[in-house]
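Colleague: Below is the sequence, then the predicted model.
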Amino acid sequence: MLTETIPVLETHRFDEEALRRYMAERVPGFRGSLAIRQFLGGQSNPTYHVVADGQEYILRRKPPGKLLPSAHAVDREYRVITALVGTDVPVPRTYALCEDPSVIGTPFFIMECVHGRVFADPMLPELPPAERVAIYEDMVDVLARLHRLDWQAVGLADFGRPGNYYARQIHRWSQQYRASETETIEAMESLIEWLPAHIPPDDETTLVHGDYRLGNAIVHPTEPRILAVLDWELSTLGHPLADLAYSSVTSRWGPEGLYSFKDRNAVPAGIPTEEEYVAAYCRRTGRAGISDWHFYIAFALFRLAAIAQGIMGRVRDGTANDPAAAERGRRARPLADEAWAVVQSDGG
């Protein structure tokens, strides 16, 4: 995990002495001078590895500069992780939240450094099939535990708006797509019309992660079990099947990252099919099955297509930082086509 750190980027530097003073006052047992490096990941919220007197910490902060009002909500991320500490959903221990931007320039929080393995490629090519099976079994088990959690009892009753989750999400991502549209994608036009008219009547509410995938988990160094789920920035109260569908389309992703598109016939042994993954989840949550599964998968792919189109919009506007942004943006069309194919084959 720590091999992915680099010297702190010039644009993400801050007053390290101010941080040391803050931690000395707010973090139990803290002492010593700081050594700070930055993780390559955490592009939305810059993430740092902090060492002091042999103790390790993780710092996540809002990025500097002008931001959208509701974006980069480190306070919400800190709140949900803190609420989950002590439950059967594995998360790092939290130490402090600083909402005062005068300390290091932007709000931030400090949490435990959890050592383990982070797998960028959900196909797990470096592992034997039996370990792939076990890791995905634990992944779906953790997701089921999250959705069984009593979110009101852990103090998250006001963490979102219960009900109408899909209606709000479809509207939001349709707007995002329109704002970054660079060409007409016929499948997206069809999905924008079809999805709101076919929302299933089951309107349950659980705590949802919002970006639940293997790349956002730390796996034990030698055992096939998840030690901590990370990146809770998109978590809210929502529909549990949004998390399930999003995390079950692994076979449609390739090793390049979340927005790639992969030939599902090339999935290696030990990686569950959608049917196997869903069945494992249903066993753990007491579901007899899931009606309208085509809707949930279609929405998950529609959302990914809208995200990819947003990247292409930044390419158009000249604001994309990722050198592979154009390639990622071009995935909007095949993802939308796949989503519409799901609708046509399963839901007409």
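Modeller: Arrived safely, thanks for sending.
Colleague: Just to check, residue 143 is in contact with residue 246?
Modeller: No. Residue 143 lies out of contact with residue 246 (CB atoms under 8 Å); the separation is 10.1 Å. All C-beta atoms are positioned from the backbone trio N, CA, C, and that covers glycine.
Colleague: pLDDT averaged over stretch 149-168 - what is it?
Modeller: Mean pLDDT, stretch 149-168: 94.
Colleague: can you pull the buried residues of it?
Modeller: By 16 or more other CB atoms under 10 Å, the buried positions in stretch 149-168 come out as 149, 151, 154, 156, 159, 160, 162, 165, 166.
Colleague: Check stretch 232-249 too.
Modeller: 232-233, 235-249.
Colleague: now do stretch 98-114
Modeller: 98, 103, 104, 105, 106, 107, 108, 109, 110, 111, 113, 114.
Colleague: among these, which two are most distant?
Modeller: Farthest apart among those by CB to CB are 105 and 114. That separation is 25.9 Å.
Colleague: any idea which helix or strand carries residue 57?
Modeller: strand 55-61 (DSSP states H and E).
Colleague: Distance from that strand to the middle of the chain?
Modeller: 19 Å (CA atoms, centre = their mean, to the nearest Å).
Colleague: which other helices and strands contact the very next helix or strand once past that strand?
Modeller: Per DSSP H and E, the first helix or strand lying C-terminal to strand 55-61 is helix 74-84. In terms of contacts (3 or more CB pairs under 8 Å, 6 or more residues apart in numbering; DSSP states H and E), helix 74-84 is packed against strand 55-61, strand 94-98, strand 108-112.
Colleague: Could you point out which of these sits nearest residue 298?
Modeller: Here strand 55-61 is closest among those (CB to CB), at 32.7 Å.
Colleague: Need the mean per-residue confidence for that closest one.
Modeller: Mean predicted lDDT for strand 55-61 stands at 95.
Colleague: Show me which residues of that strand are buried.
Modeller: 57, 58, 59, 60, 61.
Colleague: Could you double-check that the second one lies in contact with residue 46?
Modeller: No. Residue 58 is not in contact with residue 46 according to CB under 8 Å; the separation is 11.3 Å.
Colleague: ok, back up a step: who touches both of residue 143 and residue 246?
Modeller: residue 212 (CB atoms under 8 Å, 6 or more residues apart in numbering).
Colleague: in a strand, that's where residue 50 is, yeah?
Modeller: Yes. Counting by DSSP: H, G, I helix; E, B strand; the rest coil, residue 50 is found in a strand.
Colleague: give me every residue that touches it.
Modeller: For residue 50, the contacting residues are 19, 23, 34, 35, 36, 56, 57, 58, 59, 110, by CB under 8 Å, 6+ apart.
Colleague: Apart from its chain neighbours, what residue comes closest to it?
Modeller: Using CB to CB, 6 or more residues apart in numbering and skipping the chain neighbours, the partner closest in space to residue 50 is residue 57 (4.3 Å).
Colleague: From residue 6, how far out is the one you found?
Modeller: 17 Å (CB to CB, to the nearest Å).
Colleague: Okay, strands next: where are they in the protein?
Modeller: Along the chain, counting by DSSP state E, strands occupy 5-6, 35-39, 47-52, 55-61, 94-98, 108-112, 206-208, 217-219, 226-229, 236-238.
Colleague: and the ones you listed as JSON lines, adding distance to residue 307?
Modeller: JSON lines is the format used below for those (distance: least, CB to CB, whole Å):
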{"stretch": "strand 5-6", "distance to residue 307": "25"}
{"stretch": "strand 35-39", "distance to residue 307": "21"}
{"stretch": "strand 47-52", "distance to residue 307": "20"}
{"stretch": "strand 55-61", "distance to residue 307": "21"}
{"stretch": "strand 94-98", "distance to residue 307": "28"}
{"stretch": "strand 108-112", "distance to residue 307": "25"}
{"stretch": "strand 206-208", "distance to residue 307": "17"}
{"stretch": "strand 217-219", "distance to residue 307": "20"}
{"stretch": "strand 226-229", "distance to residue 307": "20"}
{"stretch": "strand 236-238", "distance to residue 307": "17"}
